[in-house]
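K.L.:
Curious how this folds, go ahead:
(one chain, ligands or ions: 1)
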Amino acid sequence: MNIDKPSLKRRNETAPHTTRQRPKLNMNQAPRIPVRSTLASRSNRTSPTTSTVSNQSVSTKRLSNQSVLTTTKRLSNQSASTTTKRFSNQTTVSTTKRPSNQTAISSSTSKLSSQNNKPVTVNGSKKLVTKNSSPGIPKFTGDIKGKMNYLQTQLEDSGEQLTDFEKLKDDLESNVQNSESLLQEALQKVQDLESTIESTRSRHQEELAKHQEKYMLKNRDLILENDQNNAKAKDWEIELKQIEDESRQTFLALEEKKRENIRLKATLEKSSASFDEVDAELRVLKMKLKSAGSALEEHEGHVSSLSNEWNTKDNSLEGLEKALFEQEILRRKLHNTIQELKGNIRVFCRVRPSLESDSESNLAQIKIFGEDQEHMELREQVSSTIGKSSTKTHNFTFDRVFSPSETQKDCFEEISQLVQSALDGYNVCIFAYGQTGSGKTYTMQGPNTVTESTVGMIPRAVQQIYDVAQRLKQFGWHYTMEGQFLEIYNETIHDLLGDATKYGQIKHEIHHEKNGKTTVSNMTTVELDSPSKVKMMLRKASQNRATGATNLNERSSRSHSVFTLKLIGYNTTTDERTAGILNLIDLAGSERLSTSGSVGDRLRETQAINKSLSCLGDVIHALVNNKEGGHIPYRNSKLTYLLRNSLGARGNCKTLMFVNVSPMIEHFGESLCSLRFATKVNSCHIGTAKKAIK
Ligand SMILES: Nc1ncnc2c1ncn2[C@@H]1O[C@H](COP(=O)(O)OP(=O)(O)OP(=O)(O)O)[C@@H](O)[C@H]1O
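P.N.:
Numbers count the residues shown, from 1 in each chain. Model (predicted):
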């Protein structure tokens, strides 16, 4: 809808001559002027006969202003005079001859008249224009009068013609005026149209601008919408991807479910088959049950007769229980008599097996023999001063020698009688003596990673005491068990169940009361009402020992550990009370100062260990050799002072010592020393032990 304004203007300017639309003339109103047509065709022969109004108007105007008047004038001036003047010799010629510039109207009118002699329509009235040779005009006859008449006639004709022409002129002029007014109207219409066009154009422009603005806004909205749609499309893409992933996973899960379903179907089929089997079995069982039901009825009859029998026997059972109780008292008496006969100090030797870290080739020759496995022989290759090699044999005898293949259970079976004695009110000490790495801790507690078969003497002893205490309940005995665990390191006592970070800050003093009770101050006491508590206690002690040293084994070999279990029994039937103590002692490594090669702190440690161990030997020696009431050097070491009431001073003590030895040749010398020390202990006889009965 682009409107080219300049081109419009140009068109307006050129319109009169070319394509400008003019108001149409109403040809029915306008007079028909064939003359003008002829004139027009003559003046512009190339123009179409249906020439434009403007052409017509212009021609008409000219006719009215110039041609018609000129023609009329000339006609009036010339026709008469010239015709008259030339009449004599040129009448025909002058009348027929027309000036070259004479108007088209006159010419055409003349021509029409002369050629056709037909009536010419002018302003709607028909006029007959005659030629000179027209039969209406009298011919010149040749006389003057005739001539005059003729001329008169001619003049009259001319006057008529003139009148016609004037009429014609008037008509033409009115035509011209009409045409002009039409033209004015047309021009006015053109102007109106132009202003209409202009207003339409400006309106269109405004509308266009509005539309453009609207479209721009719409376009901007569309861009925004497009951006939003793009963002949405991206979101959708991401969402679609997620959905795709989810569906892939769902598909995988579905596949897995399908496979599981297949497996389950197979299992179900199997199960249904076995269900059928079970169902058949159930039916068989039901039948059996039925027959058993009838058998049961029979048995019930038997039961009622047996029940009567039972009642009579129940009465005799009470008598039997009483007898059993008496027998239990007797058993305990006999047991302790046997223990006493065996001696109050007994020694067991235990040879540990070779370890992965030991080499087979370095095993010492150790032989264990005797009816009760009580003898052992150690062979040693020696060279004399003259270089002659020979075998030297060392023989030892103990209460029992355990070979490397014997288990913890085997060892415990032998000491369980002593543990029983603690329940019966005796003070029992079980020592583990030997060089570092000979198996003392293994024997007393078990290895670091303990199993049911490797569990040591301490937990086994507690388990036994717990079991026996439970069993003795039926005879009226009720026991309370309290446990303590301490360490003697460099002659200082540490509470292994206490706070290891406070070692050295808290002082622990040993007190012996007149009633024979020994106490250590500031010690943690644990009530052992179940065997599981012993495990907890041992774990805690082990952790404290680890906190106290960078190397657990190193610490354990440099200190004595003493586990004390106090057993207090009360018999509600007999009102009897017992107070026994079980001490389980893992001694520090017994290696000699010369072989240890210790210096500095380690030297002082070794000296302290050796001192306390030799004190133990001295105490035992004094107990053997001193007369009753003689001095026993218990105070010389913390260990002997602590165990004063358990080492036979008051006669209710039982002592067992495990001497642990290594099977390796490299430890041969230390093993001999340990065995010699144990032999001395074994030869002691500390009188007859008496249980503590209050
Ligand atoms: N009878 C045994 N059966 C199997 N292994 C044993 C036996 N006796 C000791 N051992 C092992 O030998 C090694 C040393 O034993 P243990 O630590 O008990 O010696 P120790 O005499 O207590 O040493 P320390 O004085 O340094 O504490 C340990 O690895 C232990 O498991």
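K.L.:
got any ranges where the stretch 201-350 of the chain has weak pLDDT?
P.N.:
Scanning the stretch 201-350 of the chain for pLDDT under 70 picks out the ranges 330, 332-343.
K.L.:
likewise the chain?
P.N.:
Across the chain, the ranges flagged by pLDDT under 70 are 1-142, 330, 332-343, 359-361, 546-556, 592-600, 624-628, 648-651, 682-694.
K.L.:
Around M444, how many other residues sit close by?
P.N.:
A count of nearby residues for M444, using other Cβ atoms under 10 Å, gives 24. Placement of C-beta: from N, CA and C, glycine included.
K.L.:
Please read the previous query as pertaining to R248.
P.N.:
10.
K.L.:
right, and L472 touches Y479 too?
P.N.:
Yes - in this structure, L472 is within contact of Y479 by Cβ atoms under 8 Å, at 7.4 Å.
K.L.:
going on from the longest helix that the chain contains, what's the next piece of helix or strand?
P.N.:
Assignment by DSSP state H gives helix 144-342 as the longest helix of the chain. Counting by DSSP states H and E, the next helix or strand C-terminal to helix 144-342 is strand 345-351.
K.L.:
Name the strands paired with that following strand and say parallel or antiparallel.
P.N.:
strand 400-402 (parallel), strand 653-661 (parallel) (DSSP bridges).
K.L.:
Looking at the ones you listed, spot the one closest to the ligand.
P.N.:
Ranking those by proximity to the ligand (Cβ to the nearest ligand atom) places strand 653-661 first, at 5.7 Å.
K.L.:
can I get the CA coordinates of that closest one in PDB?
P.N.:
Once non-C-alpha atoms are left out, strand 653-661 reads as follows in PDB (Å, rounded to 0.1, in the frame of the first residue of the first chain):
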ATOM      1  CA  CYS A 653      47.400 -70.800 101.300                       C
ATOM      2  CA  LYS A 654      47.800 -72.800  98.200                       C
ATOM      3  CA  THR A 655      50.400 -71.800  95.600                       C
ATOM      4  CA  LEU A 656      50.900 -73.000  92.100                       C
ATOM      5  CA  MET A 657      53.700 -71.800  89.900                       C
ATOM      6  CA  PHE A 658      53.800 -72.300  86.100                       C
ATOM      7  CA  VAL A 659      57.300 -72.100  84.900                       C
ATOM      8  CA  ASN A 660      57.200 -71.300  81.200                       C
ATOM      9  CA  VAL A 661      60.100 -72.200  79.000                       C
END
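K.L.:
switch to numbering from 57
P.N.:
Will do, 57 is the new start, and the previous item becomes strand 709-717.
K.L.:
now the angle between helix 200-398 and it, please.
P.N.:
120 degrees (axes from the mean of the first three to the mean of the last three Cα atoms, to 10 degrees).
K.L.:
After strand 709-717, which helix or strand is next?
P.N.:
Later in the chain than strand 709-717, the nearest helix or strand by DSSP H and E is helix 724-738.
K.L.:
Flag every buried residue along that following helix.
P.N.:
F724, E726, S727, L728, C729, S730, L731, F733, A734, V737, N738 (16 or more other Cβ atoms under 10 Å).
K.L.:
burial count for N708?
P.N.:
Residues within reach of N708, counting by other Cβ under 10 Å, total 24.
K.L.:
how near is N571 to T662?
P.N.:
Between N571 and T662 the computed distance is 37 Å (Cβ to Cβ, to the nearest Å).
K.L.:
between these two, who's got more neighbours?
P.N.:
T662 (21 against 9).
K.L.:
The strand or helix carrying the more buried one versus strand 401-407: what angle between them?
P.N.:
Element membership for T662 (DSSP H and E) is helix 656-681. Using the same axes, to 10 degrees, the inter-axis angle of helix 656-681 relative to strand 401-407 is 140 degrees.
K.L.:
how big is the angle separating helix 656-681 from helix 724-738?
P.N.:
Helix 656-681 and helix 724-738 are oriented at 30 degrees to each other (the same axes, to 10 degrees).
K.L.:
Which elements pack onto helix 656-681?
P.N.:
helix 649-652, helix 694-698, helix 724-738 (3 or more Cβ pairs under 8 Å, 6 or more residues apart in numbering; DSSP states H and E).
K.L.:
closest to H677 out of those helices?
P.N.:
Ranking the helices and strands packed on helix 656-681 by proximity to H677 (Cβ to Cβ) places helix 724-738 first, at 7.2 Å.
K.L.:
if I look at the closest residue to the ligand within the stretch 357-506 of the chain, how far off is A597?
P.N.:
Here the stretch 357-506 of the chain gets closest to the ligand at one residue, G495, 2.8 Å apart by Cβ to the nearest ligand atom. Distance, G495 to A597, using Cβ to Cβ: 19 Å.
K.L.:
and the strands paired with strand 401-407 as JSON lines, adding mean neighbour count and distance to the ligand?
P.N.:
Listed next are these as JSON lines, based on neighbours: other Cβ atoms under 10 Å; distance: least, Cβ to the nearest ligand atom, whole Å:
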{"stretch": "strand 456-458", "mean neighbour count": "23", "distance to the ligand": "8"}
{"stretch": "strand 709-717", "mean neighbour count": "27", "distance to the ligand": "6"}
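K.L.:
do you know which of those lies nearest I294?
P.N.:
Nearest to I294 among the strands paired with strand 401-407 is strand 709-717; the distance by Cβ to Cβ comes to 75.0 Å.
K.L.:
element containing the closest residue to G645 other than its chain neighbours?
P.N.:
Using Cβ to Cβ, 6 or more residues apart in numbering and skipping the chain neighbours, the partner closest in space to G645 is T492 (3.4 Å). In the assignment (DSSP H and E), T492 maps to no helix and no strand.
K.L.:
what is in contact with L528 and Y535 at once?
P.N.:
Common neighbours of L528 and Y535 (criterion: Cβ atoms under 8 Å, 6 or more residues apart in numbering): L479, G625.
K.L.:
Break this structure down into its domains, please.
P.N.:
As assigned by automatic domain parsing, the chain contains the domains 79-318, 399-438+471-738.
K.L.:
what does this structure put close to the ligand?
P.N.:
Neighbours of the ligand within the chain, by Cβ under 6 Å from any ligand atom: 408-409, 411, 490, 492-498, 503, 609, 612-613, 645, 716.
K.L.:
hang on, the earlier thing: export the helices and strands packed on helix 656-681 to JSON lines and append columns for distance to C671.
P.N.:
Listed next are the helices and strands packed on helix 656-681 as JSON lines, based on distance: least, Cβ to Cβ, whole Å:
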{"stretch": "helix 649-652", "distance to C671": "15"}
{"stretch": "helix 694-698", "distance to C671": "5"}
{"stretch": "helix 724-738", "distance to C671": "13"}
